[in-house]
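# Please find the sequence and the predicted model below.
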Amino acid sequence: MKRKFKKIICILVCILSISALLPTVASADTGPKPSVRITFKNMSDELCFGTLLSKEKSTGPASVWNGEEEYAQHNGNERYSYLDITEDIWRAFVEYEDSDGYYFLQETWKVNETKELAWTYYPPKSFKILLYYPETDKFLVSDICERYAFDSYYTVDIASLDAQDTGIGSVDYNEDLSNDDRLNAHRSYQWQQEVISLAARILITIALEMGVALLFGFRGKKALLLLVSVNTVTQIILNVLLNIINFSAGQAAFVTGYVMLELAVFAFEAVLYSVLMKKLGDKPKPTWFYVVYALVANAVSFGAGLVIANILPGIF
């Protein structure tokens with residue numbers, strides 16, 4: 001009986017492991033991509049276009065203009081007639097000479113309307129934020145910034161251009177192309193929201209697994225205290241690791257990591273319960289009982305997590 005049960009557990013673990021790997025093997029370009037999002041505070045409604053200057057000459061499909069008119073990305077070109085940028089504005093960006101040799105990759109946004117620049121498909125890793133006001137022929141440029149997370153957020157306060165607290169840093173504009181103002185960019189990752197979400201996930205998961213424990217007949221004070229302690233420790237470790245994975249590698253890696261780490265937690269808890277629970281109870285259960293409990297409890301919390309993630313994406 002024990003051998004048969006072990007075989008069943010091994011088969012389940014193998015199936016879950018293979019299913020976790022399949023999405024990443026199927027297609028290397030179907031998952032989420034890194035992004036850079038710039039929010040502009042106190043920006044006027046004056047016509048303004050923005051871009052990210054890149055340290056490299058290309059990233060993903062975006063690249064420096066090769067000098068051929070048919071590849072000039074402005075709405076005067078039939079191939080790019082859908083774009084908002086006119087040829088004269090596009091040419092102003094092309095002719096802009098950055099003091100650090102960063103390149104314009106022909107990606108532009110009309111930022112005065114949305115107050116945001118969102119490069120969501122292969123943004124440059126090292127970049128500068130460049131704004132252009134065509135009505136006054138003025139450029140604003142930031143210091144060198146970096147993608148610091150899978151989804152990197154920056155905030156630029158236009159009203160504090162002369163502030164000394166520059167955060168990431170600032171540089172004077174090209175003297176030939178702009179005035180002496182400076183543009184300050186500050187990292188603005190949503191840390192508080194992530195901490196709240198982390199705590200909510202841990203509490204919900206522990207509540208679910210304790211509900212399963214009661215259904216399995218665990219009633220003793222010592223047994224319940226052990227279950228709460230083990231679940232608290234494993235869930236904190238699990239969720240902290242998942243947050244690190246999501247921060248550095250994004251949602252696709254998060255899902256794969258979620259499955260693999262849940263398997264590791266299940267294996268750890270199954271062994272721990274099998275050893276310790278027998279010492280706490282007056283009527284110890286067979287080993288397979290504790291293994292089944294660990295499997296069911298983690299399966300319930302895993303499935304519930306996926307369901308709640310669709311309902312409350314801000315928490316999961």
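Perfect, thanks for sending it.
# how about low-confidence regions in the stretch 101-250 of the chain?
160-194, 243, 246-250 (pLDDT under 70).
# What segments of it are helices?
111-114, 191-215, 221-249 (DSSP state H, counting those that start in this stretch).
# Now the first one - C-alpha only, CSV.
Once side chains and other backbone atoms are set aside, the C-alpha atoms of helix 111-114 remain, and they are given as CSV (Å, rounded to 0.1, in the frame of the first residue of the first chain):
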residue,chain,number,x,y,z
VAL,A,111,2.6,62.7,-23.6
ASN,A,112,0.8,66.0,-23.0
GLU,A,113,-2.6,64.2,-23.3
THR,A,114,-1.9,61.1,-21.2
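# Three-state assignment for G67, please.
What DSSP: H, G, I helix; E, B strand; the rest coil gives for G67 is coil.
# So what does it look like in phi/psi?
Backbone geometry at G67, expressed as degrees, to the nearest 10, gives phi 90, psi -10.
# that older thread, could you dump the helices of the stretch 101-250 of the chain into CSV and include distance to E146?
From N, CA and C alone the C-beta is placed, and that goes for glycine too. Shown next, in CSV, are the helices of the stretch 101-250 of the chain (distance: least, Cβ to Cβ, whole Å):
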stretch, distance to E146
helix 111-114, 21
helix 191-215, 17
helix 221-249, 13
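# Let's have those helices in CSV, adding mean neighbour count and distance to V296.
Output for these, formatted as CSV (neighbours: other Cβ atoms under 10 Å; distance: least, Cβ to Cβ, whole Å):
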stretch, mean neighbour count, distance to V296
helix 111-114, 16, 48
helix 191-215, 16, 6
helix 221-249, 16, 13
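# out of those, nearest to A299?
helix 191-215 (9.1 Å; Cβ to Cβ).
# Show me what the closest one is packed against.
Packing contacts for helix 191-215, counted by 3 or more Cβ pairs under 8 Å, 6 or more residues apart in numbering; DSSP states H and E, involve helix 221-249, helix 287-311.
# Can you add distance to K128 and give the ones you listed back as CSV?
Listed next are the helices and strands packed on helix 191-215 as CSV, based on distance: least, Cβ to Cβ, whole Å:
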stretch, distance to K128
helix 221-249, 23
helix 287-311, 36
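# so which of those helices comes closest to L214?
helix 221-249 (8.4 Å).
# In terms of secondary structure, what does the closest one contact?
helix 191-215, helix 251-280.
# Among those helices, which comes closest to I144?
Across those, closest to I144 is helix 191-215 (Cβ to Cβ), at 22.8 Å.
# any idea of the angle the closest one forms with helix 221-249?
Between the axes of helix 191-215 and helix 221-249, defined by axes from the mean of the first three to the mean of the last three Cα atoms, to 10 degrees, the angle is 150 degrees.
# Dump the helices and strands packed on helix 221-249 to a markdown table, plus distance to C48.
Converted to a markdown table, those look like this (distance: least, Cβ to Cβ, whole Å):
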| stretch | distance to C48 |
| --- | --- |
| helix 191-215 | 28 |
| helix 251-280 | 31 |
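# So which of these is nearest F104?
F104 lies closest, by Cβ to Cβ, to one member of the helices and strands packed on helix 221-249: helix 251-280, at 29.8 Å.
# So which elements touch that closest one?
Contact here means 3+ Cβ pairs under 8 Å, 6+ apart; on that basis helix 251-280 packs against helix 2-26, helix 221-249, helix 287-311.
# pLDDT of it, averaged?
What helix 251-280 shows for mean pLDDT is 82.
# in it, what's buried?
Neighbour counts using 16 or more other Cβ atoms under 10 Å place 252-259, 261-263, 265-267, 269-270, 273-274, 277, 280 of helix 251-280 among the buried residues.
# same check, this time on stretch 291-310
Judged by neighbour count using 16+ other Cβ under 10 Å, the buried positions of stretch 291-310 are 291-298, 300-302, 304-305, 308.
# cool, stretch 117-133 as well?
Residues of stretch 117-133 classed as buried under the neighbour-count rule (16+ other Cβ under 10 Å) are 117, 119, 122-125, 127-133.
# end to end, how far does it reach?
Start and end residues of stretch 117-133 are separated by 15 Å (Cα to Cα, to the nearest Å).
# Quick one: closest of the helices of the stretch 101-250 of the chain to S54.
Closest approach to S54 among these is made by helix 111-114 (17.6 Å; Cβ to Cβ).
# what's the offset of that closest one from the middle of its chain?
Centre-to-centre, helix 111-114 and its host chain are 24 Å apart (Cα atoms, centre = their mean, to the nearest Å).
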